[in-house]
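Undergrad: Below are the sequence and a predicted model for it; my questions follow.
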Amino acid sequence: MLLNNNLWKKVNCCILYVLSATKRQVSTLTGSIYLNQKIMFKRLLFIGFVFTSINSRAADEQKVASKVQKVIVFLNGAQVTRTAKTDISEGTSILLFENISPGIDAQSIQVHADGDFTILSVNNELNYLIATHQQNIDGLREQEKTIQDKIDLENGQLIVNQEEQTMLLKNQLVKGDNSNLDVAQLKQALDFQTSYLTAINTKQLTIRNEIAALNVQLQKYERQIADMNQGNNTLSSNILVTVSSKKATQADFTLSYLVHNASWFPTYDIRAKDVNSPLSITYKANVSQQSGEDWRNVKLTLSTGNPSAGNNKPELNPYYLNFNSANSNMLNEVVAVGYGRERKTEQSNYDKQLMSVAEIAEPPQVSLQENQTNVDFNIADLYSVPSDGKKYTVEINEVNLPASYEYVVAPKLSTDVFLSAKVVDWNKYNFLPGAVNLFFEGTFIGKSQLNTNSTADTLNISLGTDKSIVVTRTLQKQLTQRQTIGSNQKDTRDWLINIKNRKSQPISLLVEDQVPVSQNVAIGVENQQLSGGNLDTNTGKVAWNIALKPQADKKLELKYQVKYPKNQSVIID
């Protein structure tokens, strides 16, 4: 039986090794010829043994072509499912599934088959002799060489033209001491020289433009080859399935295994047409992988699970108490000396509710499967994800959500007015934390973060600043006072907040400021003017909810007085 290319390479390596060793030994002294012949004979016997073993395995192995049909991409890692159909001969045989990712988790390999035979064993081995993308790279190198040959040819033509131009300029027919030429001959010579030099310059310009265009193509091929070489394309692995059958039959195989060099993370496009329209949220996944095998036109599932996360339940260790022996005079002091617990694995819990179809605006073909501990997004369309580490976008969902819009400003910190959208019942959409691209009134206004690690029913989304609402906060110096009465001193602060709505529509604005809060009985705070704001006595925060018509303005006054001992220093804003 003929050996395949890989086995011939192994045999050739053995033969070259023996020939090299034998050549060195033949050059030794004549007295050791007999000993060297014995060594050579033993090595030839070893080659025969290796040849027989390899040939025996080659006879038993049967290559089976398989194709990636489905991939479940986790937040970290992916489960790949391959299918294959093959004939199984009578007796025991080894089925060799090639071009498998070199980074698979061998413990995760599962093989299922339909047929009247028995699977005896499943093994995994690395294959260093198969380059997954080498044929593609070789093809690109051939095209790269063709372009380089064209460039060399054009450069040669340019040199010829330059030499021709130099020769013409050095051998001009018209010279100052040549008086034998009449006017007609002189004009004819000048016309010839001008015409020829013009043609040469035009030809050189054409050649240079052609070289520049070819160099652009050459750089594209160089970048493509370098990009393909970033992955581990010189290594793959095989899955060997040993089967036993009482008769020849045909079988369908399904292989699945876990790879680690794959992941996905969410991003969002959030659009608001205006403050009277629903909020549009486009939920997208960025998928990437460098597993060593390309996923071409596969059924893709995105899972919120993470096989790499720890799956052990945290256990509490005993909480021991004892007296502090370091301080024997403090017998009544008790300290904790033995409290500990295992580190808890951070894992988000996702609501197990289906999306309301009526609320989806032109949704992609994605179905949700809610498992016990994670959620799967099953993508209907087939996707291709090469093993190049690049991010490929997959749209998960698009929903229009009712939202209440509110402008918010904290003028003590910043006079910029932020637009905030509040969304209720957001948990049922299985959003994950991720980056957000914000669009308002058809314009990209910046980036933000969607924080879904909250148990609140309302999700607050910041939509950026609005420069058409002007807010100022100024200290009324003429009303600022400092009085000394007995052993105490009183300081008064009077702040004026001006708000102007320059928009052509009414707005709802939340204004937040604060008054100081004393943590010392010797310091007293008197709130003299809050302009109807709501005061939180614990934090000192003052909030005003105001409604402003178009082009309307509003003034708010915040005045307070602080009393403290005059021999002390207190910083008051």
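TA: Looks like it came in fine.

Undergrad: The stretch 151-300 of the chain: strands as residue ranges?
TA: Taking DSSP state E, counting those that start in this stretch as the criterion, the stretch 151-300 of the chain contains strands spanning 236-245, 249-259, 262-272, 279-289, 295-303.

Undergrad: what's the third one packed up against?
TA: Based on contacts counted as 3 or more C-beta pairs under 8 Å, 6 or more residues apart in numbering; DSSP states H and E, the elements that strand 262-272 packs against are strand 67-73, strand 279-289, strand 434-440, strand 458-465. Backbone N, C-alpha and C define where each C-beta goes, glycine included.

Undergrad: buried set for the longest one?
TA: Applying a neighbour-count criterion of 16 or more other C-beta atoms under 10 Å, the buried positions in strand 279-289 are 279-289.

Undergrad: what angle do it and strand 458-465 make?
TA: Computed by axes from the mean of the first three to the mean of the last three C-alpha atoms, to 10 degrees, the angle separating strand 279-289 from strand 458-465 equals 90 degrees.

Undergrad: With distance to residue 96 and mean pLDDT as added columns, please give the helices and strands packed on strand 262-272 in a markdown table.
TA: As requested, the helices and strands packed on strand 262-272 are exported to a markdown table (distance: least, C-beta to C-beta, whole Å; pLDDT from 0 to 100):
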| stretch | distance to residue 96 | mean pLDDT |
| --- | --- | --- |
| strand 67-73 | 15 | 94 |
| strand 279-289 | 24 | 92 |
| strand 434-440 | 42 | 89 |
| strand 458-465 | 53 | 82 |
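
Undergrad: Same list, the ones you listed, but as a markdown table with distance to residue 219 please.
TA: As requested, these are arranged in a markdown table below (distance: least, C-beta to C-beta, whole Å):
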| stretch | distance to residue 219 |
| --- | --- |
| strand 67-73 | 32 |
| strand 279-289 | 25 |
| strand 434-440 | 31 |
| strand 458-465 | 39 |
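
Undergrad: between those strands, which one is nearest to residue 211?
TA: strand 279-289 (37.3 Å; C-beta to C-beta).

Undergrad: For that closest one, enumerate the helices and strands it packs against.
TA: Packed on strand 279-289, when contacts are counted by 3+ C-beta pairs under 8 Å, 6+ apart, are strand 67-73, strand 262-272, strand 295-303, strand 375-385, strand 392-401.

Undergrad: Can you show me the strands along the stretch 451-573 of the chain?
TA: Listed in chain order (using DSSP E, counting those that start in this stretch), the strands of the stretch 451-573 of the chain are 458-465, 469-475, 481-485, 488-501, 507-514, 524-529, 534-535, 541-548, 553-565.

Undergrad: by how many degrees do the second one and strand 488-501 diverge?
TA: Direction vectors for strand 469-475 and strand 488-501, defined by the same axes, to 10 degrees, enclose an angle of 160 degrees.

Undergrad: Nearest residue to the residue nearest the centre of the chain in space, please, no chain neighbours.
TA: Closest residue to the average C-alpha location of the chain: residue 391 at 5.2 Å, with C-alpha atoms, centre = their mean. Of all residues not flanking residue 391 in the chain, residue 286 sits nearest, at 4.4 Å (C-beta to C-beta, 6 or more residues apart in numbering).

Undergrad: Averaged pLDDT, stretch 217-226. What do you get?
TA: Averaged across stretch 217-226, the pLDDT comes to 79.

Undergrad: residues of that stretch that come out buried?
TA: Neighbour-count burial for stretch 217-226, counted by 16+ other C-beta under 10 Å, picks out 218, 221, 225.

Undergrad: ok so, going back, let's have the helices and strands packed on strand 279-289 in TSV, adding distance to residue 255 and mean neighbour count.
TA: Putting the helices and strands packed on strand 279-289 into TSV (distance: least, C-beta to C-beta, whole Å; neighbours: other C-beta atoms under 10 Å) gives the following:
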stretch	distance to residue 255	mean neighbour count
strand 67-73	10	20
strand 262-272	17	20
strand 295-303	14	19
strand 375-385	19	16
strand 392-401	24	18
